[in-house]
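Peer 1: Structure of the sequence below:
(one chain, ligands or ions: 2)
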Amino acid sequence: MRILAIETSCDETGIALLEGRKIESDSAQPGFEFEVIDSALLSQAALHAEYGGVYPNLAKREHEKNLPVLFKKFKEPKKYGSFDAIAVTNGPGLEPALWTGVEFAKKAAKEFGVPLLATNHMEGHLLSSLVKDGKLENVQLPVLALLISGGHTEFVLMKNWFEYEIIGKTKDDAVGEAYDKVARMLALPYPGGPEVSKLAEYSRNLQNLADKKGLVEAKPTRGTFLAQDFAEIKLPRPMIASPNCDVSFSGLKTAVLYALRDQGGIQKFNLEARAAVAREFEDATSDVLVAKTRRALEQTGAQTFVIGGGVAANKHIREQLQKMIAQDFNEVEMRLPELNITGDNAIMIAEAALTRALSGKNDQADDTLRAIGNLSIQTTTAH
Ligand code: KG4
Ligand code: ZN
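Peer 2: Ligands and ions are numbered 1, 2, ... in the order given. Below is the predicted model of the structure:
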């Protein structure tokens with residue numbers, strides 16, 4: 001079966017054509033195999049950088065401009081053959097942006113006389129993150145997913161295929177949003193997550209170098225690398241001890257703001273001092289996510305743990321989670337998404353739609369399909 005998928009929930013315009021089939025096996029669990037025939041992705045990040053974040057109406061305008069351009073090549077039947085359905089992200093995301101994809105997909109489905117399938121963006125992140133070498137197979141249930149992106153931070157439990165329960169989430173900012181805001185405070189460009197992470201790594205490398213050279217003996221704190229006038233910045237780990245799987249990042253972000261202000265503002269910070277702040281912030285986010293993941297695994301008895309969403313590309317968070325699982329939950333299989341699909345893309349939408357369609361659980365839509373900005377993965381039912 002072939003599905004053409006369209007993704008426009010935020011600031012990436014994505015189209016992908018995938019072929020999928022069921023893998024027959026003796027296992028009680030279903031298996032699927034995917035082949036990416038072709039995919040196209042246009043990022044608007046550079047345009048939004050000027051605003052320090054995604055500007056919804058600009059995103060809508062750009063998607064409207066980009067979609068027909070990207071779609072053109074997929075229309076060549078000689079090269080690509082036909083497809084059996086069109087899948088489109090109808091939520092969650094920025095509504096003006098989502099509508100562009102939904103309306104475009106409606107027209108295309110009519111033009112090609114194929115069914116239209118509605119796909120949940122978070123289900124796309126979750127299922128695609130479980131795929132290894134093009135195969136979604138041998139998944140032991142229940143699955144615990146930590147979905148971390150610019151708009152979401154949630155622990156989702158999948159007890160049965162396509163049945164989701166949110167067992168914990170952020171009370172305020174998403175973790176990616178906190179990275180983007182802290183990046184702005186550190187005078188780094190949008191999207192800030194990768195930039196903060198690079199700076200944090202620079203600080204860790206400096207520390208390692210100092211350890212090797214024995215500098216740490218003389219000055220034991222990481223303040224070693226701060227210019228003389230700077231005090232070491234220590235940030236809170238919000239809600240780390242609360243007896244649930246909820247998180248909060250708004251206070252952490254504000255703590256960074258005050259810490260910078262207390263020491264004379266960012267213009268007073270040299271590179272090493274800024275790097276030390278980035279590192280402490282990254283440590284705080286990963287400490288909280290690791291502690292809450294431990295709690296969620298204890299609470300659910302999940303057999304598989306997976307992370308998905310843009311922040312799932314964060315090297316430090318990946319490593320810290322891996323370390324904790326290897327130490328304390330060696331019966332749990334951890335799956336890490338390949339880096340090319342952590343950010344928003346249409347391949348993940350095609351994989352989720354194919355998994356459903358090949359299981360007879362597709363969300364068939366018609367002309368009444370709406371974009372729903374706050375669509376929850378929990379309401380995504382198995383038809
Ligand atoms: O899933 P995604 O592409 O879009 C949404 O659905 O929100 O996630 C984008 C978010 C942005 O906030 C971006 O700064 C963050 O993911 N991000 C990272 C990293 N790469 C992307 N955050 C931390 N570390 C990274 N390496
Ligand atoms: Zn996303």
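
Peer 1: How far does the longest helix along the chain sit from its chain's centre?
Peer 2: Ranked by residue count under DSSP state H, the longest helix found in the chain is helix 271-300. With C-alpha atoms, centre = their mean, to the nearest Å as the basis, helix 271-300 stands 16 Å off its chain's centre.

Peer 1: go on, stretch 128-140?
Peer 2: In terms of C-alpha atoms, centre = their mean, the centre of stretch 128-140 is found 17 Å from the chain centre.

Peer 1: Quick check: residues of the stretch 201-350 of the chain near ligand 1?
Peer 2: Contact residues, the stretch 201-350 of the chain versus ligand 1 (C-beta under 6 Å from any ligand atom): Gly309, Gly310, Val311, Ala313, Asn314, Gly343, Asp344. Backbone N, C-alpha and C define where each C-beta goes, glycine included.

Peer 1: ok, 8 Å please
Peer 2: Applying C-beta under 8 Å from any ligand atom, we find that the stretch 201-350 of the chain lies next to ligand 1 at Glu282, Gly309, Gly310, Val311, Ala313, Asn314, Lys315, Ile317, Thr342, Gly343, Asp344.

Peer 1: Distance check, the last one against Val36.
Peer 2: Here the criterion is C-beta to C-beta, to the nearest Å. By it, Asp344 lies 16 Å from Val36.

Peer 1: circling back to that earlier point, so which other helices or strands are in contact with the longest helix of the chain?
Peer 2: Judged by 3 or more C-beta pairs under 8 Å, 6 or more residues apart in numbering; DSSP states H and E, helix 271-300 is in contact with strand 143-148, strand 153-160, strand 163-169, helix 175-185, helix 192-213, helix 250-262, helix 315-328.

Peer 1: can you redo these as JSON lines with mean pLDDT and mean neighbour count?
Peer 2: Listed next are the helices and strands packed on helix 271-300 as JSON lines, based on pLDDT from 0 to 100; neighbours: other C-beta atoms under 10 Å:
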{"stretch": "strand 143-148", "mean pLDDT": "98", "mean neighbour count": "27"}
{"stretch": "strand 153-160", "mean pLDDT": "98", "mean neighbour count": "22"}
{"stretch": "strand 163-169", "mean pLDDT": "97", "mean neighbour count": "18"}
{"stretch": "helix 175-185", "mean pLDDT": "97", "mean neighbour count": "24"}
{"stretch": "helix 192-213", "mean pLDDT": "91", "mean neighbour count": "18"}
{"stretch": "helix 250-262", "mean pLDDT": "96", "mean neighbour count": "17"}
{"stretch": "helix 315-328", "mean pLDDT": "98", "mean neighbour count": "16"}
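
Peer 1: Check the gap between Leu206 and ligand 2 for me.
Peer 2: Leu206 sits 32 Å away from ligand 2, going by C-beta to the ion, to the nearest Å.

Peer 1: Pro92 too?
Peer 2: For Pro92 relative to ligand 2 (C-beta to the ion), the value is 9 Å.

Peer 1: That residue: how many residues sit nearby?
Peer 2: Neighbours of Pro92 under the rule other C-beta atoms under 10 Å: 22.

Peer 1: check contacts around it.
Peer 2: The contact partners of Pro92, taken as C-beta atoms under 8 Å, 6 or more residues apart in numbering, are Ser9, Asn120, His121, Met122, Gly151, His152, Ile372, Gly373, Asn374, Leu375, Ser376.

Peer 1: near ligand 1, from these?
Peer 2: Among those, the residues that sit close to ligand 1 (C-beta under 8 Å from any ligand atom) are Ser9, His121, Gly151, His152.

Peer 1: Any chance of a PyMOL selection covering the buried ones in these?
Peer 2: Selection of buried members from those for PyMOL, criterion 16 or more other C-beta atoms under 10 Å:
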select buried, resi 9+121+151+152
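
Peer 1: Show me which pair in the ones next to ligand 1 among the contacts of Pro92 is furthest apart.
Peer 2: Ser9 and His152 (10.9 Å; C-beta to C-beta).

Peer 1: Would you mind listing which of the residues of the stretch 201-350 of the chain next to ligand 1 are buried?
Peer 2: Among those, those classed as buried by neighbour count (16+ other C-beta under 10 Å) are Glu282, Gly309, Gly310, Val311, Ala313, Asn314, Ile317, Thr342, Gly343, Asp344.

Peer 1: Look up phi and psi at Ser82.
Peer 2: phi -100, psi 180 (degrees, to the nearest 10).

Peer 1: Then Glu7?
Peer 2: Backbone geometry at Glu7, expressed as degrees, to the nearest 10, gives phi -130, psi 120.

Peer 1: Beta-bridge partners for it, please?
Peer 2: Gly14 (DSSP bridges).

Peer 1: my read: it touches Asn345, true?
Peer 2: Yes - using C-beta atoms under 8 Å, Glu7 is in contact with Asn345, at 6.4 Å.

Peer 1: Point me to the residue of the stretch 151-300 of the chain nearest ligand 1.
Peer 2: Here the stretch 151-300 of the chain gets closest to ligand 1 at one residue, Gly193, 2.1 Å apart by C-beta to the nearest ligand atom.

Peer 1: what's near enough to touch that residue?
Peer 2: Counting by C-beta under 8 Å, 6+ apart, the residues that Gly193 touches are Gly150, Gly176, Tyr179, Asp180, Ala183, Gly310, Val311, Ala313, Asn314.

Peer 1: thinking again about what came up before, now do the shared contacts for Glu7 and Asn345.
Peer 2: Common neighbours of Glu7 and Asn345 are listed as Gly14 (criterion: C-beta under 8 Å, 6+ apart).
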